[in-house]
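A.B. asks: the following block contains a protein sequence and its predicted model.
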Amino acid sequence: MTTPHEKPPVIIVGGGIGGVATALALGRLGLPVQLLEQADQIGAIGYGVQIGPNVMPMLERLGVGEAARQAAYLPEEILLYEMDSGRKLVDIPLRTPQFHARYQGAPYVAIHRVDFHELLLQACRAYPNIDLNQSTQVVGYEHTAGGCGVATADGRFIEGAAVIAADGLRSRLRLQLHPGDSPRDTGYLAHRTIVPMAQAPASIRERRGVTMWTGPGFHVIYYPLRGRSEMNIVVVVRVPPDLDVTDNERYLEHIAALTRRAAPEARDVVQLVNLERRWSIADREPVRRWADGCFTLMGDAAHATLQSLAQGAGMAVEDAVTLAELVQSCGHDFTAAFKRFERARFLRAARVQLESRDLWDIYHCDGARAEVRSQQFEEKSADDFYRCLDWLWQAPPIRT
Ligand SMILES: Cc1cc2nc3c(=O)[nH]c(=O)nc-3n(C[C@H](O)[C@H](O)[C@H](O)COP(=O)(O)OP(=O)(O)OC[C@H]3O[C@@H](n4cnc5c(N)ncnc54)[C@H](O)[C@@H]3O)c2cc1C
């Protein structure tokens, strides 16, 4: 695919947030980049995403900090309530001087994925060396004399200097690197909806932060987007093994039973959600090996996580910036850079995966475990929560 005079491109497989952020990070170094996305449009599923204060410094490095700040909503706090009793268990302020001092002025933001994706794409379009391709499904990678290339479903072989697999949770290229490795299904389903704020009941309309209700095998989370003109809602449900989810009536009865004793606001918010649109929730086991010479995994393909810490997209952006800085400091030696990349990122990504699982269990537990959880949360001050989250919310140093 390249003429002898052209420098072969870095091939990025997947045009999600991870792939597009990586294209931008490498494009800014002046490298030729070819991004290949299987869908007929490079775009995001239209729901919200929370971005912790660790991510804004990365967006600044990508030159999109200002655009992200403008598109973002800044939630006032994270609140967690017990679903049946209505007890407030957690209150983490996000816009106080203490928060700003602790996280060097970087905000916690909520942003529409479409806006986030679009601002990254817009920045990519300013670089003629970034070539964005859709309708291109990759079926495998292969090392070549000059680097690494990919085979596509329509029978082409595209040669590159290196290949970066940003093909998400169900990554085909990860399966090639780690045969037999598959996503870990949790048995939970998520339902996502965005409603115009004007259509939400008053108690929900008044919310200015990230609000969450927790119950056995169930949680609901919602936060405003786009200047509080919209409310993003996610409902997560554990599916009992004997429940056939294709039996819609029984599934809806199950949710009705789960929310029967819920506080009125939690019940109201579930009423707003389209329960027929479903995503099964899965993550990955941490693996140490992401690189294979001048091929590497990144983003969800390397370390897909449950959303309890709201950091999957954030980790993908951190990966993108780290990858580019290592490629530069290794003088464009991709094999060396990718080896250092997996070493630099493994522990942080694995901790996000494993702490997200712990938190997932804490959110959905029952009986005595839930009572202990609630007491432990209530004992914590805002400072205690910041201390627990510092390892994550402080932007990581990039060791080049
Ligand atoms: C309900 C829910 C809520 C979440 N909330 C948050 C949150 O608040 N904050 C946060 O940071 N994260 C959140 N996440 C996680 C976040 O969405 C992901 O971690 C993030 O989108 C991963 O980005 P990615 O680019 O690695 O993968 P993806 O977004 O999955 O992108 C992969 C891309 O690769 C393409 N692709 C796949 N296979 C091929 C192929 N063979 N050839 C070519 N293209 C291919 C796909 O079409 C896709 O466009 C949430 C996830 C869920 C499910």
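C.D. replies: Nice, thanks for sending it over.

A.B. asks: could you use CA atoms for every contact and neighbour count after this?
C.D. replies: Fine.

A.B. asks: now do residue 32 against the ligand, distance only.
C.D. replies: 18 Å (Cα to the nearest ligand atom, to the nearest Å).

A.B. asks: now residue 356
C.D. replies: Plainly put, residue 356 is 11 Å away from the ligand if you go by Cα to the nearest ligand atom.

A.B. asks: need the pLDDT of the nearest residue to residue 394 once chain neighbours are set aside.
C.D. replies: Nearest non-adjacent residue to residue 394, counting by Cα to Cα, 6 or more residues apart in numbering: residue 54, 5.2 Å away. Residue 54 carries a pLDDT score of 98 in this model.

A.B. asks: residue 54 and the ligand, how far apart?
C.D. replies: Using Cα to the nearest ligand atom, we find residue 54 at a distance of 11 Å from the ligand.

A.B. asks: can you give me the strands for the stretch 151-300 of the chain?
C.D. replies: Using DSSP state E, counting those that start in this stretch, the strands of the stretch 151-300 of the chain run over residues 157-160, 162-165, 184-196, 210-215, 218-225, 230-238, 279-283, 291-292, 295-297.

A.B. asks: does any part of the first one sit near the ligand?
C.D. replies: The reference is to strand 157-160. No: contact between strand 157-160 and the ligand is absent, the nearest approach being 12.5 Å (criterion: Cα under 6 Å from any ligand atom).

A.B. asks: ok, that strand: who's next to it in the sheet?
C.D. replies: Taking DSSP bridges as the criterion, strand 157-160 pairs within the sheet with strand 147-152 (antiparallel).

A.B. asks: swap in the second one?
C.D. replies: Looking at strand 162-165 with DSSP bridges, its paired strands and their directions are strand 10-13 (parallel), strand 295-297 (parallel).

A.B. asks: what does the shortest one give?
C.D. replies: Strand 291-292 has these partner strands in its sheet, going by DSSP bridges: strand 295-297 (antiparallel).

A.B. asks: can you tell me the average pLDDT over the strand it pairs with?
C.D. replies: Taken as a whole, strand 295-297 has a mean pLDDT of 98.

A.B. asks: before we move on, what about stretch 317-331?
C.D. replies: Stretch 317-331 shows an average pLDDT of 98 in the prediction.

A.B. asks: CA atoms only for that stretch - export them in PDB, please.
C.D. replies: As requested, the backbone C-alpha atoms of stretch 317-331 are provided in PDB (Å, rounded to 0.1, in the frame of the first residue of the first chain):
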ATOM      1  CA  VAL A 317      -6.500   8.800  26.800                       C
ATOM      2  CA  GLU A 318      -3.700   8.400  29.300                       C
ATOM      3  CA  ASP A 319      -2.400   5.500  27.100                       C
ATOM      4  CA  ALA A 320      -2.500   7.600  24.000                       C
ATOM      5  CA  VAL A 321      -0.400  10.400  25.500                       C
ATOM      6  CA  THR A 322       2.100   7.900  27.100                       C
ATOM      7  CA  LEU A 323       2.500   6.000  23.900                       C
ATOM      8  CA  ALA A 324       3.300   9.100  21.800                       C
ATOM      9  CA  GLU A 325       5.700  10.400  24.400                       C
ATOM     10  CA  LEU A 326       7.500   7.000  24.500                       C
ATOM     11  CA  VAL A 327       7.600   6.800  20.700                       C
ATOM     12  CA  GLN A 328       9.300  10.200  20.700                       C
ATOM     13  CA  SER A 329      11.800   9.500  23.500                       C
ATOM     14  CA  CYS A 330      12.700   6.200  21.900                       C
ATOM     15  CA  GLY A 331      13.600   8.000  18.600                       C
END
